[in-house]
Every structure is written in C-alpha cells, then in structure tokens.
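> Below is the structure, and that's it, no one-letter string:
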Ligand code: NAD
C-alpha cells in the first residue's frame, strides 16, 4: 500500500458503533490515537461514556432474542462471510494495525490471518453446539442437556493484538448465539471499529456487535458489569486489571473468562537442536517485538549449550531491522507507547544493577518514537526482578542451569501459568517435562502455540477459561438440564 495513511480506508468508522449506527459520544468527548513510531496523532475517536455503555447494552439486549433464535447455519454463514471479508481486506487491516499499534507489517499480516481464522473456525463450530440425553441412574427419568447462549457479553480487549483478541471473543460468542459489547483498548480502537464495519458488511444484524471505544474504561466497564442484563465478561489484559474486574463481576455474579498476563519460561536442554531452539526463540521472543502474553520472558539454558545458544540468538537479534511498523522492510517496530518503552528500560537497568551482562542492545535508540533495541542479557541472577515481571519488549534474559529438576522448579516459580516452551531432541523427556510444567499451554520444540483450533489459556493467575478450539465456544454456552419422563 506504499506510504499508508488512514485516508486509504474510506469506510473506517471513528464514532461509537451502537445498535448498527455510528454515533458520537453522548457528552461529545473524543480521544486521540497516536502513531507509536512518531508519537503523532493519527485520529480522533469518540470516547464512550457510561450512558453510551448502557445504551450499547440495551442495543445488545434488543438484538439478543432474534440472534439466539437465528438458525445456527445462518450464524455460521455470516461468520464465514466475515472471514472472507477479512481475508479480502487483509492488507488494509494489517496496515491499520501497524499504524496504531506499531508492530512490523509481517507481524500485522500474521495477526490478520490468525484473527480471521477465528471467524472461519467458529463458522464451523456454530452448527455443533450439541447437548446430550441419558437415562438417569435410577431409571426414573431422562436427563436432557441443552446448550443455550449464556446471554449478553461484555468483551474487553488489549492493544497488543487489536484484531485477534477481538475475533477470538466475537467469533465464539456469535456462533453460540450471544450478542456483545466490545470495549477495545484505547491505544488501538481503530482496528476494532473497522472490524465492526466488516461484521456489518458480512450480514451481522444491528445490535449484535456493538463497539465502544472508551478512555474512561474503569467507569464504563463497571457500569456494564452492574447492569443485570449482562451475563458474561470475557477479558484479555493484565492480571492487575483482571483482578479488579473479577471483583466488579462478583456483585452480579457475572460469568467470567479471563485471559491474563504471562511470564513464559523457555527451556533449552543440553540435547536440544540449537538451530531449532534459536529459530523458536526468535518467534517466541521477537514476534510483536516481545509484546505478547505468550512472549518468552525467561530463558533457562543448560550450561553446556548456554554460550553457543546466546551467541546465536544475539547474532540473529542484532540482524533485525528496527523501524516504523508500516515500512515494508521493518522487522521490529516501536513499542506501543512511552510508558511501555520506559518500563522495558527500567527492567533492563534493574537487571544490570543486579549483575546481568549486556551482550546486545540494552538501550533506547536515539530517535523519535517508542523504540527499544533488541537486547540479550547473560548471567542474569535468578532473583533479578526482570525474571518476575512481564517484560513486554524485545529483551531476552538468559539464566543457566545444570539440573533438569532445577530448571522445572525455576520455570514454575511464578504466579503466572500461561505458556512454557521446551527444546529437547528426546521427545519422551519433552513430554515428561511438559506434564510437569504448571502452565495452560506448552510449546514442545515449538516457539508458537497460538492456533484458533486449540484451547488457549492459562493456569494460576494467567486466567480462567479457554479461547479457541471446541472449548472456546463452551465459554459462551450454558448447559440447561431438563429432567423429563416420557
Ligand atoms: P490492560 O489490562 O491495561 O488493559 C486491557 C483492557 O482493559 C483495555 O481495553 C483497557 O482499556 C481495559 N482496562 C484498563 N483498566 C481497566 C479498568 N480499571 N476497568 C476496566 N477495563 C480496564 O492490558 P494491556 O496493557 O492493554 O495489554 C497487555 C496485557 O494483556 C499483558 O499483561 C498481556 O499479557 C495481556 N494479554 C493476555 C493475553 C492472553 O490471552 N492471556 C493476550 C494478550 C494480552
């Protein structure tokens, strides 16, 4: 698309999307969206108020009965059309994601393909919400179990995958027969607004998908969670905000799915194929410049191979071209905002103060925008703060180990449990270690686990519930048991 500007997307909505209409905020508030590569303002978007949030819930409630009664086959075909429209518009969507989020175009293209697949997968699942029938053990009656839509859903998404985190929720919700209000992250509302347009073009009826950009996120989400019509919250974001929302949801006992933070360990055993391990590390660490909940956050490498692994990793990271996400030759874009870049800098400074050695990078480049250099840290002490927090940047801290049990213990020594990675040439050993790792997902000789057909989610404080796969739709369905005699 050459030099991309927003004017190239003629139908990009900048208002709230409520009940199939584009409307300004009730109090006329707006907020600016910035380009992370320069800090410049790229758009001004309607800033939803509490009144607007309740109007969006009313719209979702108004559409709920008809949507739940729409034939599963028809819901399926609408989702299939949404998949095709996303694929047709993938270049525009990728440029838009790069522009507002900062990620490099190859990452943005990957995200669009991944995001669209949730519509295809749930188009296929929409017709498979099967229940069951059995004879009660007493023989007195039959146990009939139906699957019914859980009801009106509030969906809250982060900025790091503005398209995929939305489709991973909207796809199964619509397939199950639920109507939704989506509140996208305020750093990246534009992709969500374009997704609303795509869904409308695919034939989603007015009110089924409402999109409410809002900078007053606490008040807006709280108001929706206290509206008795809302039955479900699906949240993806930090554990810190997740805890707040679980408390808010408690007041009306709202059903919660939580996809929260991670702190993924990446284990390289002494028998690992180092070419594979470095390839996997580049994906697990550098996809999205490290701004992924699944990002490898801590590298535990066997002492026999640590020097060689770190040398090769640093060589590959040094070769990455850093620049604005929307430039065709960029491989690593800027981080999303100043706060993120400052946090990465402070974590690296802390690790160095703790005794870590910088092998590569270790600074913010001297240019406008929110950049951080690809960085490799060696000899990171096991107690260093950088190993306990999500870095969310292109920084790889390496810790060595000699004993496998010690590596597993360190990997599990965190309140998070989203994903772990293991590299070994011995598959039986890899399976044994995978079973011992306390995380919802394991990449075994794989640096990428995300797949719309697989159940994505975490243990411990990384979340509750699963997205994707067959399990993903169950989160939007409720079992209804009918005790019946005939
Ligand atoms: P965040 O928690 O700051 O924000 C997430 C969303 O919640 C945004 O829409 C934000 O506006 C909203 N929000 C913020 N404060 C709120 C409040 N008080 N009440 C209601 N809503 C509020 O997270 P982020 O910075 O946007 O995203 C990064 C985080 O998301 C990381 O921790 C990352 O690990 C996590 N994440 C998890 C997954 C997963 O599937 N487990 C996927 C992507 C990102």
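Looks like it came in fine. Bear in mind that the values here come from a model prediction, so they are computed numbers and not experimental data.
> ok, and the one residue sitting closest to the centre of the chain, which helix or strand is that part of?
In the chain, the C-alpha nearest the mean C-alpha coordinate belongs to residue 165, at 4.5 Å (C-alpha atoms, centre = their mean). Remark: residue 165 resides in helix 164-176, with elements defined by DSSP states H and E.
> before we move on, what about residue 26?
For residue 26, no secondary-structure element claims it when assigned by DSSP H and E, so it is in no helix or strand.
> quick one: it from residue 222, how far?
Counting by C-beta to C-beta, to the nearest Å, the gap between residue 26 and residue 222 amounts to 17 Å. Any C-beta I mention is one placed from the backbone N, CA and C, and that applies to glycine too.
> more neighbours, these two?
Just comparing residue 26 and residue 222: by other C-beta atoms under 10 Å the higher neighbour count belongs to residue 222, 19 against 16.
> my read: residue 297 touches residue 388, true?
No. Distance between residue 297 and residue 388: 9.2 Å, which falls outside the contact criterion (C-beta atoms under 8 Å).
> Common neighbours of those two, please.
Residues touching both residue 297 and residue 388 (C-beta atoms under 8 Å, 6 or more residues apart in numbering) are residue 263.
> higher neighbour count, those two?
When residue 297 is set against residue 388 and neighbours are counted by other C-beta under 10 Å, the residue ahead is residue 297, at 30 against 15.
> Spit out the contact partners of that one.
Shown here is residue 297, whose contacts under the criterion C-beta under 8 Å, 6+ apart are 262, 263, 264, 265, 387, 390, 391, 397.
> Any residues of the stretch 351-486 of the chain in contact with the ligand? List them.
390, 418, 458, 463 (C-beta under 6 Å from any ligand atom).
> Dump these into CSV; add neighbour count as well.
Conversion of those to CSV gives the following (neighbours: other C-beta atoms under 10 Å):
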residue, neighbour count
390, 21
418, 30
458, 27
463, 27
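> between those, which is nearest residue 68?
residue 463 (26.7 Å; C-beta to C-beta).
> quick one: the closest one and residue 242 touch, right?
Yes. Judged on C-beta under 8 Å, residue 463 makes contact with residue 242 at a distance of 7.3 Å.
> Mutual contacts of these two, please.
With contacts taken as C-beta under 8 Å, 6+ apart, the residues that reach both residue 463 and residue 242 are 258, 260.
> contacting residues around the residue in the stretch 151-300 of the chain positioned nearest to the ligand?
The shortest separation between the stretch 151-300 of the chain and the ligand is 2.6 Å, found at residue 237 (distances taken as C-beta to the nearest ligand atom). With C-beta under 8 Å, 6+ apart as the criterion, the residues that contact residue 237 are 156, 157, 158, 185, 259, 260.
> Excluding chain neighbours, give the residue nearest to the fifth one in space.
This means residue 259. Nearest residue to residue 259 in three dimensions, chain neighbours excluded: residue 236, at 4.0 Å (C-beta to C-beta, 6 or more residues apart in numbering).
> Repeat that for residue 460.
residue 417 (3.8 Å).
> Next to the ligand, which bits of the stretch 51-200 of the chain? Give me the list.
Applying C-beta under 6 Å from any ligand atom, one finds that the stretch 51-200 of the chain approaches the ligand through 156, 157, 158, 159, 160, 161, 165, 183, 185, 186.
> try 5 Å
156, 158, 159, 185 (C-beta under 5 Å from any ligand atom).
> Most neighbours among those residues, which one?
Each of these was scored by neighbour count (other C-beta under 10 Å); the top score is that of residue 156, with 25 neighbours.
> List the beta-bridge partners for that residue.
residue 183, residue 235 (DSSP bridges).
> Identify the residues contacting it.
Contact analysis of residue 156 by C-beta under 8 Å, 6+ apart lists 182, 183, 217, 221, 233, 234, 235, 236, 237, 245.
> give me the number of residues near residue 416?
By other C-beta under 10 Å, the burial measure for residue 416, its neighbour count, is 26.
> same deal with residue 58?
Residue 58 - counted by other C-beta under 10 Å - has 18 other residues nearby.
> and it, what element?
Going by DSSP H and E, residue 58 is part of helix 50-69.
> which helices and strands does that helix pack with?
Packed against helix 50-69 by the contact rule (3 or more C-beta pairs under 8 Å, 6 or more residues apart in numbering; DSSP states H and E) you find strand 16-18, strand 142-149, strand 152-156, strand 180-183, strand 209-211, helix 217-225.
> Report the angle between that helix and helix 164-176.
Interaxial angle of helix 50-69 relative to helix 164-176 (axes from the mean of the first three to the mean of the last three C-alpha atoms, to 10 degrees): 40 degrees.
> residues in contact with helix 50-69?
By C-beta under 8 Å, 6+ apart, the list of residues contacting helix 50-69 from outside reads 16, 18-20, 23, 25-27, 48, 75, 148-149, 151-154, 174, 177-181, 183, 205-208, 210, 212, 214, 216, 219-221, 223-224, 227, 229-230.
> That helix: which residues count as buried?
Of the residues in helix 50-69, those buried by neighbour count under the rule 16 or more other C-beta atoms under 10 Å are 50, 52-61, 63-64, 67.
> could the residues you listed be laid out in CSV, adding pLDDT?
Converted to CSV, the buried residues of helix 50-69 look like this (pLDDT from 0 to 100):
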residue, pLDDT
50, 98
52, 98
53, 98
54, 98
55, 98
56, 99
57, 99
58, 98
59, 99
60, 99
61, 98
63, 98
64, 98
67, 98
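> from what I can see residue 289 touches residue 375, true?
No. Between residue 289 and residue 375 there is no contact, the gap being 11.2 Å when judged by C-beta under 8 Å.
> which one of the two has more residues nearby?
Here residue 289 and residue 375 are set side by side on neighbour count (other C-beta under 10 Å), and the busier one is residue 289, at 32 against 24.
> quick check, the more buried one in a strand?
No. Assigned with DSSP: H, G, I helix; E, B strand; the rest coil, residue 289 falls outside any strand and is helix.
> quick one: the helices in this structure?
Listed in chain order, the helices found in the chain under DSSP state H are 50-69, 72-88, 90-101, 105-125, 164-176, 189-202, 217-225, 239-250, 274-286, 303-318, 338-354, 404-412, 427-436, 469-474.
> who's in contact with residue 192?
Taking C-beta under 8 Å, 6+ apart as the definition of contact, the neighbours of residue 192 are 157, 162, 163, 166, 182, 184, 211, 213.
> hmm, which of these are the buried ones?
The neighbour-count criterion (16+ other C-beta under 10 Å) marks 157, 162, 163, 166, 182, 184, 211, 213 among the contacts of residue 192 as buried.
> Dump those to a markdown table, plus pLDDT.
Output for the buried ones among the contacts of residue 192, formatted as a markdown table (pLDDT from 0 to 100):
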| residue | pLDDT |
| --- | --- |
| 157 | 98 |
| 162 | 98 |
| 163 | 98 |
| 166 | 98 |
| 182 | 99 |
| 184 | 98 |
| 211 | 98 |
| 213 | 98 |
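> The residues you listed: which two are farthest apart?
Longest distance between any two of the buried ones among the contacts of residue 192 is 14.7 Å, between 163 and 213; criterion C-beta to C-beta.
> picking up where we left off before, highest average neighbour count across the helices of the chain?
Comparing the helices of the chain by mean neighbour count (mean count of other C-beta atoms under 10 Å), helix 164-176 ranks first with a mean of 29.
> What is the neighbour count of the closest residue to residue 419 other than its chain neighbours?
Setting aside the residues directly before and after it, residue 419 is nearest to residue 441 in space (C-beta to C-beta, 6+ apart), at 4.2 Å. Per other C-beta under 10 Å, the neighbour tally for residue 441 reads 25.
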